[in-house]
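sequence plus the predicted model coming up.
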Amino acid sequence: MGKYILKRILIAIPVLIGITVIDYTIMCLAGSPLEMLQGPRVSEAAVEAKRIALGLDQPVLVQYFVWLGELLQGNMGYSMKSFQPVSDMIGSHIGPTLLLMGVSLLVSLLLAVPAGIYSAIRQYSKGDYAVVTASFLGSSVPGFFLSLLLIYIFTVKLGWLPSGGMTTLGTEGGAADVASHMVMPVMVLAFSMAGSNIRYIRSAMLEILQQDYLRTARAKGIGRFRVINKHALRNALVPIITVIGMEIPMLFGGAVIIEQVFSWPGLGLMTMSAISNRDFPVIMGVCLLSAVVVLLANLVTDIMYALVDPTIQLD
Amino acid sequence: MILREIDRKFQHKGVSTTVMDGTGMGKRFGKKAAASVNGIAGYDRENKSNRQQNDIGSESYLQTVIRRFRRHHLAAFSLIVLAVIVGAAILAPVIAPYDPNDIAGPFAEGPSKEFWLGTDQIGRDVLSRLLYATRVSLLVGVMATLISTVIGVLLGLVAGYFGGLADMVIMRFTDMVMSFPYILLVLVAAAVFKPGMWNIILILGFVDWPGIARLVRGNVLNLRETNFVKGNIVAGMPLRHILFSEILPNTVAPILVYGTSVLALSILDEAALSFLGQGVQPPTSSLGNMLNGAQSLTVLTTQPWLWIPPGLLIVVVVMAINFIGDALRDALDPNSGR
């Protein structure tokens, strides 16, 4: 077990280094961020001085290692726009994003797992068709369009929910206020994730239901309820873990768009403004952070497999 | 002495066949093709005698696929819907009532007899823009899917067939690309390489291949162990032939199914990018950037005809593609047995 975990971590390290290289390469292709910062009216000498101050006069390879060295000491660089440390910026924006992602993940699982299992048990019934069609709808609706529709219905027409932000301006906020701001973003994220996951859980569950041990359990006459809840569900843990692993990168991507539409003050909103300002240290920091999180999520998924399913070969 | 003579003869023969390899390929393939035609003819004869007992036996693979596909009513319906939309998009210059970039009427007026879907803030006809937008969005989706499929198939073939170092390097690279949240990577790339239609196609194409590479690699790993591929290796067939004429045709079905989901995703991603203002740039309209205006509160609340039709069209197109892909998965599955 320990050997398996070690092996997975060792595989992850070159991938991690590769991620930083890819990230950096893309940034270098962008050209000089200095011009964006200075504007055309500043004298050559001033631009040159700034260039040296920011360390942009050195070769690309040296710049990369300087950056990597700093990174290992916990310094992710400084924003070229606000001059704040990137790590501080990420630190102050990650809370709302984690809150949004965590709740969405939970809601999408609460939607997808029961729906997928129901659909598998009642295969080819009317309910099954309804669930599968709904799941296709979930994975076909662009998140931003669904967001606009929800805002149109719940904010503009009904006036029930606030259209954006995390708290009502001018108030202290409080849990109820934040919750009411979260309803729509969570609905959008959870609906689109549940869309693809329902079908995954359904087909995994169908496979489980055909296994011999379930036929045996049924043959023993212990009743449909116990067969499904005691024997089948336990084995459905593996696909559920897979689904959680798949959802994490989707959450990061979805959050960028959803946070932009709902002005949710998280990492996604910060990233979008960094992208439009060409604030490269910030973009790189977010890219790196999310890639590392995805890598860790994959690692944890693999380890969870081993814990949940003793028949999986570790080598 | 005699032995040496024989040796020399064989050596000579060996040399001549290797020399021939380059030029005599056509002949050899010709013979092989003829043999396979004979084989099929034989199979047909056999089937003819069976036909009285079992009608399904005489079905060609294509017929089976079509029959299975048609059982999925939603998919068959989706195919018709998609065909209509694609037709309208291709014929946009003919059927669009106005020039999509010309000011044709009053500003921001609701749907009327003259302008079926109303006009936008500067008086352009929404229906005409919608038709041209569909054209752009479909083109982006199809081209991006083609590019990513070609890249994915090539990398997957190489990784799966050669294994070893090539496999390791390619698969680790795939892991790296897959670790980045897809939309974030695309957004960053779009910010770096000036947004615009062809850049978006290239970016989506170059980012979306890892899934296909993994799929193809897995299939090749399985196929490499089959007897017909081993037979080709033993027969000394050229590598190009083994990879592209033996292995690739046997993995087309899963690629096709996966390709439909890539197409759906590409269309969604183009829409998201253009919605955020990082994709196809105005005045060219795309389904995504037609929704961009809805970020302003006036458009959202008082001019729903500007953003609801393009949004619904994205949903319909993507859903139709997804239904078709799902039915294809079932229809092309050799093990489905129904």
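Cool, got the structure. Residues are numbered from 1 along each chain as shown, chains lettered A, B, ... in the order given.

where does residue 74 sit: helix, strand or coil?
Assuming you mean chain A. Here A:G74 takes the coil state, with states given by DSSP: H, G, I helix; E, B strand; the rest coil.

for burial, what's the neighbour tally of it?
Neighbourhood size, A:G74 [other C-beta atoms under 10 Å in any protein chain shown]: 8. C-beta: built from backbone N, CA, C; applies to glycine.

tell me how many other residues surround A:P265.
18.

B:V126 too?
Using other C-beta under 10 Å, B:V126 is surrounded by 27 other residues.

verify the contact between it and B:P309 for me.
Yes. With contacts defined as C-beta atoms under 8 Å, B:V126 counts as touching B:P309 at a distance of 6.9 Å.

give me the common contacts of these two.
B:L117 (C-beta atoms under 8 Å, 6 or more residues apart in numbering or on different chains).

which residues of the stretch 1-150 of chain B fall in helices?
Secondary structure of the stretch 1-150 of chain B (DSSP state H, counting those that start in this stretch): helices located at B:2-23, B:25-51, B:61-71, B:73-90, B:92-95, B:126-162.

now do the same for B:D21: its pLDDT.
Predicted confidence (pLDDT) at B:D21: the value is 34.

any idea how far A:M205 is from the spatially most central residue of chain B?
Nearest residue to the geometric centre of chain B (C-alpha atoms, centre = their mean): B:G259, 3.9 Å. For B:G259, the distance to A:M205 under the criterion C-beta to C-beta, to the nearest Å works out to 27 Å.

give me the buried positions along the helix or strand containing A:V186.
Element membership of A:V186 [criterion: DSSP states H and E] is helix A:175-209. When neighbours are counted by 16 or more other C-beta atoms under 10 Å in any protein chain shown, the buried residues of helix A:175-209 are found to be A:177, A:181-182, A:184-202, A:204-205, A:208-209.

so which of those are also by chain B?
Filtering the buried residues of helix A:175-209 for proximity to chain B by C-beta under 8 Å from any C-beta of the partner chain leaves nothing.

spatially nearest residue to A:L149, not counting backbone neighbours?
Nearest non-adjacent residue to A:L149, counting by C-beta to C-beta, 6 or more residues apart in numbering or on different chains: B:G311, 7.4 Å away.

distance of A:V141 from chain B?
From A:V141 over to chain B the distance is 5 Å, taken as C-beta to the nearest C-beta, to the nearest Å.

and if you look at A:A115?
Note on A:A115: its distance to chain B, by C-beta to the nearest C-beta, is 17 Å.

measure how buried the residue nearest to A:L149 is and give me the count.
A count of neighbours around B:G311, defined by other C-beta under 10 Å, yields 24.

next up, the contacts around it.
Contact analysis of B:G311 by C-beta under 8 Å, 6+ apart lists A:142, A:145, A:148-149, B:287, B:291.

please repeat the previous calculation with a cut-off of 10 Å.
For B:G311, the contact set (C-beta atoms under 10 Å, 6 or more residues apart in numbering or on different chains) comprises A:141-142, A:144-146, A:148-149, B:271, B:275, B:287-288, B:290-291, B:294, B:304.

what about the residues you listed, which are in helices?
In this view, the contacts of B:G311 that belong to helices under DSSP state H are A:144-146, A:148-149, B:271, B:275, B:290-291, B:304.

quick one: name the residues of the stretch 101-250 of chain B near chain A.
Of all the residues in the stretch 101-250 of chain B, those in contact range of chain A (C-beta under 10 Å from any C-beta of the partner chain) are B:168-169, B:171-193.

just the buried ones from those?
When those are checked for burial by 16+ other C-beta under 10 Å, the buried set is B:171, B:173-193.

those in strands, which ones?
Among those, no residue falls in strands (DSSP state E).

from the stretch 1-150 of chain B, which residue is nearest to chain A?
Nearest residue of the stretch 1-150 of chain B to chain A (C-beta to the nearest C-beta) works out as B:L74 at 7.5 Å.

surely A:F262 meets A:V256?
No. Applying C-beta atoms under 10 Å as the test, A:F262 and A:V256 come out as separate, 11.7 Å apart.

identify the contacts common to these two.
Residues touching both A:F262 and A:V256 by C-beta under 10 Å, 6+ apart: A:268-269.

circling back: the residue of the stretch 1-150 of chain B closest to chain A and A:R278: what is the separation?
For B:L74, the distance to A:R278 (C-beta to C-beta) stands at 45 Å.

the two: who's more crowded?
Relative neighbour count places A:R278 above the other of B:L74 and A:R278, with 20 against 17, counting by other C-beta under 10 Å.

let me know the pLDDT of that one.
75.

and B:Q53, by the same measure?
In this model, B:Q53 carries a pLDDT of 43.

output the below-cut-off pLDDT ranges for chain B.
Counting by pLDDT under 70, chain B contains low-confidence ranges at B:1-58, B:108, B:334-338.

picking up where we left off before, from A:G18, how far out is the residue nearest to the centre of chain B?
Taking C-beta to C-beta as the measure, B:G259 falls 27 Å from A:G18.

which bits of the stretch 101-250 of chain A sit near chain B?
Among all residues of the stretch 101-250 of chain A, those adjacent to chain B (criterion: C-beta under 10 Å from any C-beta) are A:129, A:132-133, A:135-137, A:139-149, A:151-152, A:155-157, A:163, A:192, A:195-196, A:199, A:248-250.

in space, what's closest to A:V261 - neighbours in sequence excluded?
A:S147 (4.4 Å).

my guess is the one you found contacts A:L161. True?
No. The pair A:S147 / A:L161 is not scored as a contact, 11.8 Å apart, by C-beta under 10 Å.

picking that back up, tell me the buried residues within the residues of the stretch 101-250 of chain A next to chain B.
Among those, those that count as buried by neighbour count (16+ other C-beta under 10 Å) are A:132, A:135-137, A:139-149, A:151-152, A:155, A:163, A:192, A:195-196, A:199, A:248-250.
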